[in-house]
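**Q** structure here, sequence nowhere to be found:
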């Protein structure tokens, strides 16, 4: 799967309840820092107790 465009990232972020109330410029800032990760089925992105979890 190819990486998402910034426009696609903005759309996904804006649809998420956590980010839906943010201003467009704030969403753009987050989208510019966001990266795409492709995971295999059952592959874990993070574990309980990891920094930031």
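**A** That came through fine. Bear in mind that the values here come from a model prediction, so they are computed numbers and not experimental data.

**Q** any weak-confidence spans in the chain?
**A** Counting by pLDDT under 70, the chain shows low-confidence ranges at 1, 53.

**Q** so how far is residue 24 from the closest residue to residue 6 other than its chain neighbours?
**A** With sequence-adjacent residues excluded and distances taken as Cβ to Cβ, 6 or more residues apart in numbering, residue 6 is closest to residue 31, at 5.2 Å. The way it works is simple: take the backbone N, C-alpha and C, and place the C-beta from them, glycine included. Separation of residue 31 from residue 24 (Cβ to Cβ, to the nearest Å) stands at 10 Å.

**Q** okay, these two: which has more neighbours?
**A** Higher neighbour count among residue 31 and residue 24: residue 31, with 20 against 9, using other Cβ atoms under 10 Å.

**Q** roughly how far is the helix or strand containing the more buried one from the heart of the chain?
**A** In this assignment (DSSP states H and E), residue 31 forms part of helix 24-33. The chain centre lies 10 Å from the centre of helix 24-33; the measure is Cα atoms, centre = their mean, to the nearest Å.

**Q** cool, stretch 31-38 as well?
**A** On Cα atoms, centre = their mean, the centre of stretch 31-38 falls 6 Å from that of its chain.

**Q** give the buried residues for it.
**A** Neighbour counts using 16 or more other Cβ atoms under 10 Å place residue 31 of stretch 31-38 among the buried residues.

**Q** measure that stretch end to end?
**A** In stretch 31-38, first residue to last residue: 17 Å (Cα to Cα, to the nearest Å).

**Q** from the centroid of this structure, which residue is nearest?
**A** Per Cα atoms, centre = their mean, the C-alpha nearest to the average position across the chain is that of residue 34, at 5.6 Å.

**Q** isn't it up against residue 8?
**A** No: under the criterion of Cβ atoms under 8 Å, residue 34 is not in contact with residue 8, lying 10.2 Å apart.

**Q** quick one on the thing from earlier: what sits against the residue nearest to residue 6?
**A** Residues near residue 31 by Cβ atoms under 8 Å, 6 or more residues apart in numbering: 6, 9, 10, 13.
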